[in-house]
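> Next comes the sequence, and after it the predicted model I'd like to discuss.
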Amino acid sequence: MPRREVRKRVRRGRSMQGAQKSEFGVPPTEEETQAFERRRAMKERALEGWVPKTVTGKLVKSGELTSIEQVWARNLPVIEPEIIDFLLPGLHESVIDTRKTARVNRSGRRFSFSSAVLVGDGNQYIGIGLAADKEKFGSVEKALRKAKLSLVKVNKGCGSWECICNNPHSVPFKVVGKCASVRVNLFPAPKGTGLVVGDHIKNVFRFAGIKDVWCQTRGASTTKFNFVRAAVDALAQTDRVRASNEMMQKITLRPHAREERE
Ligand SMILES: [Zn+2]
């Protein structure tokens with residue numbers, strides 16, 4: 001009796017693993033990434049012939065607004081992703097994950113894809129977008145558009161008491177990011193520490209230009225989407241948190257200055 005039950009359980013476990021492998025968690029292949037790159041080069045050429053449709057787009061194209069800070073200061077809506085392409089030309093893009101999801105209806109299963117894309121200029125701005133579509137490529141495109149339109153500013157600094165340099169290489173103070181059950185705590189680290197964070201969220205810091213940080217995670221961080229979104233949220237907190245004057249004096253908040261040492 002006990003033996004048979006054990007055997008049953010093992011068999012069930014195996015079949016579940018097989019199902020997960022074949023249906024869920026399809027990573028983008030080499031060919032797809034190459035196609036993605038080609039498409040990006042094409043888009044750069046298309047940007048020259050871009051005809052803006054919105055007021056914000058027209059102001060950006062005419063050269064009246066030269067930075068995204070000016071757009072935000074005027075409270076203008078950003079609906080066209082070309083505005084971001086125009087203002088931040090060297091934007092890094094990375095497909096975090098692509099999932100095949102299934103919906104069951106009367107005639108069987110209907111599949112769709114959901115993708116998450118991370119963008120960042122490598123210095124100050126990052127954004128994340130999540131979108132679903134019938135095609136894998138379509139979902140990536142949609143997610144990319146969403147990521148560009150949801151850019152957030154990251155305030156960098158040197159908040160570690162172990163470090164006295166005045167360069168913005170880490171976070172200015174401790175911040176907490178949330179998404180679903182995931183909590184990401186970021187602590188300022190001295191120069192040379194590197195990115196002491198989970199592999200899934202390393203790109204988030206690379207895209208924001210942060211070189212040294214300590215991280216503590218709680219919750220289901222194996223859920224890639226939520227983990228990355230929590231990390232982005234934590235970095236966005238650096239701009240949302242109100243710092244006291246004393247805090248501002250201690251910490252060098254110079255987001256526009258690049259690292260001077262290099
Ligand atoms: Zn420092």
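Arrived safely. Bear in mind that the values here come from a model prediction, so they are computed numbers and not experimental data.

> so what's the residue nearest to A180 when sequence neighbours are not counted up against?
The shortest distance from A180 to any non-neighbouring residue, by Cβ to Cβ, 6 or more residues apart in numbering, is to N226 (4.5 Å). Where C-beta positions appear, they are placed from N, C-alpha and C, glycine not excepted. Contact partners of N226, counting by Cβ atoms under 8 Å, 6 or more residues apart in numbering, are 179-182, 219-220.

> Please, which helix or strand holds N226?
Taking DSSP states H and E as the definition, N226 sits inside helix 224-240.

> Is stretch 163-170 positioned near the ion?
Yes - Stretch 163-170 reaches the ion (Cβ under 5 Å from the ion) through 163, 165.

> What are the buried residues along that stretch?
For stretch 163-170, the neighbour count (16 or more other Cβ atoms under 10 Å) marks 163, 167-170 as buried.

> and A102, that one's in a helix?
No - using DSSP: H, G, I helix; E, B strand; the rest coil, the assignment for A102 is strand, not a helix.

> Number of residues surrounding it?
11 (other Cβ atoms under 10 Å).

> Can you verify my assumption that it contacts F111?
Yes - using Cβ atoms under 8 Å, A102 makes contact with F111 at a distance of 5.5 Å.

> Spell out which parts of the protein neighbour the ion.
Near the ion, when you scan the chain using Cβ under 5 Å from the ion, you find 158, 163, 165, 191.

> separation between the first one and V152?
Remark: distance between C158 and V152 (Cβ to Cβ, to the nearest Å) = 21 Å.

> now swap in the second one and tell me
To V152, C163 is 25 Å away according to Cβ to Cβ.

> The third one now?
Applying Cβ to Cβ, the value for C165 to V152 is 25 Å.

> Which single residue in the stretch 1-150 of the chain comes nearest to the ion?
Across the stretch 1-150 of the chain, no residue is closer to the ion than N123, which sits at 16.7 Å (Cβ to the ion).

> Just the pLDDT at K174, thanks.
On pLDDT, K174 comes in at 91.

> Confirm for me that it is in contact with L186.
Yes - counting by Cβ under 8 Å, K174 touches L186, with 6.8 Å between them.

> between the two, who's got more neighbours?
Shown here are K174 and L186; by other Cβ under 10 Å, L186 has more neighbours (26 against 15).
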